[in-house]
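K.L.:
show me how the following folds:
(chains A and B)
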Amino acid sequence: AQRVTQPEKLLSVFKGAPVELKCNYSYSGSPELFWYVQYSRQRLQLLLRHISRESIKGFTADLNKGETSFHLKKPFAQEEDSAMYYCALLRGSTLGRLYFGRGTQLTVWP
Amino acid sequence: DAGVIQSPRHEVTEMGQEVTLRCKPISGHDYLFWYRQTMMRGLELLIYFNNNVPIDDSGMPEDRFSAKMPNASFSTLKIQPSEPRDSAVYFCASSFFPSEKLFFGSGTQLSVL
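P.N.:
The predicted structure follows:
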């Protein structure tokens, strides 16, 4: 069963434009959600987690339980934001229950 | 700390050959994960260990795949015999409870011809 859905495999925007990477999840319990990012030639790394309610590199993500969504947003995209972004869902309290979406490749054009 | 270390970075082999991927987790981490990344399926969890014990291997595709963790600082993922559809990037990641943050290695790009 698809637990995390990222509907866009590819997303392109121009520098300075707003960007939103979509993520929907399916889980009946209390989810914990994360965004991981993989820049070119770098390791996959944690970008932010919903529980922290933080803004990292200008990105924010709000958990919407009604819509079961955790979209990643940034008001003004930068070229250095070009990367592969993965939404991840932690089901339960065990680390091993971390499920990743299929990823969205974001390209920010100059 | 150099982070999670994987070897080799690239592996090209012929169908039917045995492939062994290696991983050294970050010292002190008690969880180790093996993921496979493909264009079609994204990032899939294959197996994970807690304190060197395999906890969930339900993601392992079939019997050709096996993973071991003989000690806290080393794990292997073996494919025998390898097939072209096994071509993918294989990632190892580690973490420590109760943090949910995973630290990933650089991955092994496997090509089976």
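
K.L.:
C-alpha only now, for contacts and for neighbours.
P.N.:
Will do.

K.L.:
contacts only, for residue A:10.
P.N.:
A:104-107 (Cα atoms under 8 Å, 6 or more residues apart in numbering or on different chains).

K.L.:
among those residues, which lie within strands?
P.N.:
A:104-107 (DSSP state E).

K.L.:
and these, which is closest to chain B?
P.N.:
Among these, residue A:104 lies closest to chain B (Cα to the nearest Cα), at 9.5 Å.

K.L.:
contacts only, for the closest one.
P.N.:
Counting by Cα under 8 Å, 6+ apart, residue A:104 makes contact with A:6, A:8-11, A:21, A:84-86.

K.L.:
please report phi then psi for the closest residue to residue B:113 other than its chain neighbours.
P.N.:
Spatial nearest neighbour of residue B:113, excluding adjacent residues (Cα to Cα, 6 or more residues apart in numbering or on different chains): residue B:14 at 4.8 Å. Dihedral pair for residue B:14: phi -100, psi 150, per degrees, to the nearest 10.

K.L.:
so how far is residue B:111 from residue B:14?
P.N.:
To residue B:111, residue B:14 is 8 Å away according to Cα to Cα, to the nearest Å.

K.L.:
so which of the two has more stuff around it?
P.N.:
Shown here are residue B:14 and residue B:111; by other Cα atoms under 10 Å in any protein chain shown, residue B:111 has more neighbours (19 against 14).

K.L.:
quick check: bridge partners of that one?
P.N.:
residue B:12 (DSSP bridges).

K.L.:
how long is stretch B:103-113 end to end?
P.N.:
Start-to-end span of stretch B:103-113 (Cα to Cα) is 30 Å.

K.L.:
what's the average pLDDT for stretch B:48-66?
P.N.:
Taken as a whole, stretch B:48-66 has an average pLDDT of 91.

K.L.:
mind exporting the C-alpha coordinates of that stretch to CSV?
P.N.:
Only the C-alpha atoms of stretch B:48-66 are listed here, as CSV (Å, rounded to 0.1, in the frame of the first residue of the first chain):
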residue,chain,number,x,y,z
TYR,B,48,17.1,-2.9,9.1
PHE,B,49,19.1,-4.0,12.1
ASN,B,50,18.9,-2.9,15.7
ASN,B,51,21.9,-3.7,17.9
ASN,B,52,23.2,-6.0,15.1
VAL,B,53,20.0,-8.0,15.0
PRO,B,54,17.8,-8.0,11.9
ILE,B,55,14.4,-6.7,12.8
ASP,B,56,12.5,-6.5,9.6
ASP,B,57,13.6,-8.0,6.3
SER,B,58,10.2,-7.9,4.6
GLY,B,59,11.5,-5.4,2.0
MET,B,60,14.2,-7.8,0.7
PRO,B,61,13.0,-8.7,-2.8
GLU,B,62,13.8,-12.4,-2.8
ASP,B,63,16.0,-15.1,-1.6
ARG,B,64,18.9,-13.9,-3.8
PHE,B,65,19.3,-11.0,-1.3
SER,B,66,20.8,-11.5,2.1
